[in-house]
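In: have a look; sequence and predicted model below, questions after that.
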Protein chains: 2
Amino acid sequence: MKAKLAARTNGVDVARMTETIQAVKAAPELGNFQFRLQNRWIGCGENQSQVLPFAAGGKEIPHKTELTLSADEPEILLGADNAANPVEHLLHALASCVTTSMVYHAAARGIAVEQVESTLEGDLDLRGFLDLSPAVRKGYQNIRLKLRIKADVSDEQLRELGSLGPMFSPVYDSITRGVHVAVSAERLK
Amino acid sequence: MKAKLAARTNGVDVARMTETIQAVKAAPELGNFQFRLQNRWIGCGENQSQVLPFAAGGKEIPHKTELTLSADEPEILLGADNAANPVEHLLHALASCVTTSMVYHAAARGIAVEQVESTLEGDLDLRGFLDLSPAVRKGYQNIRLKLRIKADVSDEQLRELGSLGPMFSPVYDSITRGVHVAVSAERLK
């Protein structure tokens, strides 16, 4: 028990992380992941996603429990405000990924992190969505992410910690560099 | 009551949508939105976001209820699998936004939609996150979004419906075209 606890930094099982790195290094196809979900419209601005099993290194892996994610729009955007809206979910995806990427990579470097908080703001001009001006983009114009990190480290190491999320986060990379999304539509009978 | 119901298409209050469009056209600054949230690390791959009040046209608007979003990693990624992981949240943000954008813009065109479902898949090579190959990106390499739409429309209109989400969705635009994310880090005392 004691040995097991000692092998954890930031709650991350560093020995297993090292094993994973070695395994993927030896057999790169083990790094192939495919994440999936299914979404269903409920009405107006409300819809719900079921997270599906994901593929990892050729294996199908179900989640431990059923994971349901909801979305709605606030009243000013004509919804019932029963859930966070899609652009707020995007901020959550970013915040959670930057945080986890930082604490995992800090663990790999042996840096203990005590607390992490972040505040995110995203600017969006509704003229884009409403098609009122072709010059205004539909999506976020800017996002600001402010990290607050508690760790017994030097100022230099704190700056290093702050850089780990943007350096390694899959969602940060996806959002800042863009991802191709192939959309197809068919008739539901 | 009857008149009110009649003004709704896809559950969307089209009269209010038209009012919003006219108001933002007359005073573009009303289109300025800022969405916000605060995230807190719990441990290992787990963290939680509180959705904060948002700004809309200079006003601060709180959500009707407290909205909390959770994230975790599955066991194979060293987490406890207590919630969807960040890259799954990104797919939910995309699915929900494309769906809502489609039904709102369909409503504006007077097209009644009966059902919408979608399935999303995102390919991710873990060698990016694990820093095993500089040529492999950290984020999604591709995302596929398959829409299934039930509506009493021609095949041509069905194709038009399928194009509305990608055409107007703020999350689709953010993810496909990329957004600048400014990150700062400070010490939490």
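Out: Structure's in. What do you need? Residues are numbered from 1 along each chain as shown, chains lettered A, B, ... in the order given.

In: wait, does stretch A:125-135 contact chain B?
Out: Yes. Counting by C-beta under 8 Å from any C-beta of the partner chain, chain B is contacted by stretch A:125-135 at A:125, A:126, A:127, A:128, A:129, A:130, A:131, A:132, A:133. Backbone N, C-alpha and C define where each C-beta goes, glycine included.

In: one more: stretch A:142-152?
Out: Yes. Using C-beta under 8 Å from any C-beta, stretch A:142-152 comes into contact with chain B via A:142, A:143, A:144, A:145, A:146, A:147, A:148, A:149, A:150.

In: ok now that stretch, how far from the chain's centre?
Out: Here stretch A:142-152 is found 15 Å from its chain centre; the criterion is C-alpha atoms, centre = their mean, to the nearest Å.

In: same thing with stretch A:96-114?
Out: 14 Å.

In: do stretch A:150-167 as well
Out: On C-alpha atoms, centre = their mean, the centre of stretch A:150-167 falls 20 Å from that of its chain.

In: kindly report the same for stretch A:88-95.
Out: 7 Å.

In: contacting residues around it?
Out: A:69, A:71, A:84, A:118, A:120, A:122, A:140, A:143, A:145, A:169, A:171-172, A:175, B:35-37, B:39, B:47, B:49, B:51, B:54, B:67, B:69, B:71, B:86-87, B:89-90, B:92-93, B:96-97, B:171, B:174-175, B:181 (C-beta atoms under 8 Å, 6 or more residues apart in numbering or on different chains).

In: tell me the contacts of the residue lying closest to residue A:30 once chain neighbours are set aside?
Out: Nearest in space to residue A:30, with sequence neighbours left out and distances taken as C-beta to C-beta, 6 or more residues apart in numbering or on different chains, is residue A:57 at 3.7 Å. Residues near residue A:57 by C-beta under 8 Å, 6+ apart: A:27, A:29, A:30, A:31, A:32, A:33.

In: which ones among those residues map onto strands?
Out: A:32, A:33 (DSSP state E).

In: now which of the contacts of residue A:57 would you call buried?
Out: Buried members of the contacts of residue A:57, counted by 16 or more other C-beta atoms under 10 Å in any protein chain shown: A:30, A:31, A:32, A:33.

In: hmm, the third one is touching residue B:125, no?
Out: Yes. Shown here, residue A:32 and residue B:125 form a contact pair, counting by C-beta atoms under 8 Å, at 6.1 Å.

In: where does chain A have low pLDDT?
Out: A:1-6 (pLDDT under 70).

In: and the residue positioned nearest the centre of chain A, how close does it get to residue B:146?
Out: In chain A, the residue lying closest to the centroid (C-alpha atoms, centre = their mean) is residue A:93, at 3.3 Å. Counting by C-beta to C-beta, to the nearest Å, the gap from residue A:93 to residue B:146 is 20 Å.

In: all strands of chain A, in order?
Out: A:8-9, A:12-13, A:32-43, A:46-51, A:54-56, A:59-61, A:68-71, A:115-125, A:142-150, A:181-187.

In: bridged to the closest residue in space to residue A:182 that isn't next to it in sequence, which residues?
Out: In space, and not counting its chain neighbours, residue A:182 is closest to residue B:144: 4.9 Å by C-beta to C-beta, 6+ apart. Beta-bridge pairing of residue B:144 under DSSP bridges involves residue A:182, residue B:121.

In: list the contacts for residue B:144?
Out: A:181, A:182, A:184, B:120, B:121, B:122.

In: any quick PyMOL command for the buried ones out of these?
Out: Per 16+ other C-beta under 10 Å, the buried members of these correspond to this PyMOL selection:
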select buried, (chain A and resi 181) or (chain B and resi 120+121+122)
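
In: quick one: the longest helix along chain A to chain centroid distance?
Out: Taking DSSP state H as the criterion, chain A has its longest helix at helix A:86-108. In terms of C-alpha atoms, centre = their mean, the centre of helix A:86-108 is set 5 Å apart from its chain centre.

In: repeat for stretch A:21-40
Out: 15 Å.
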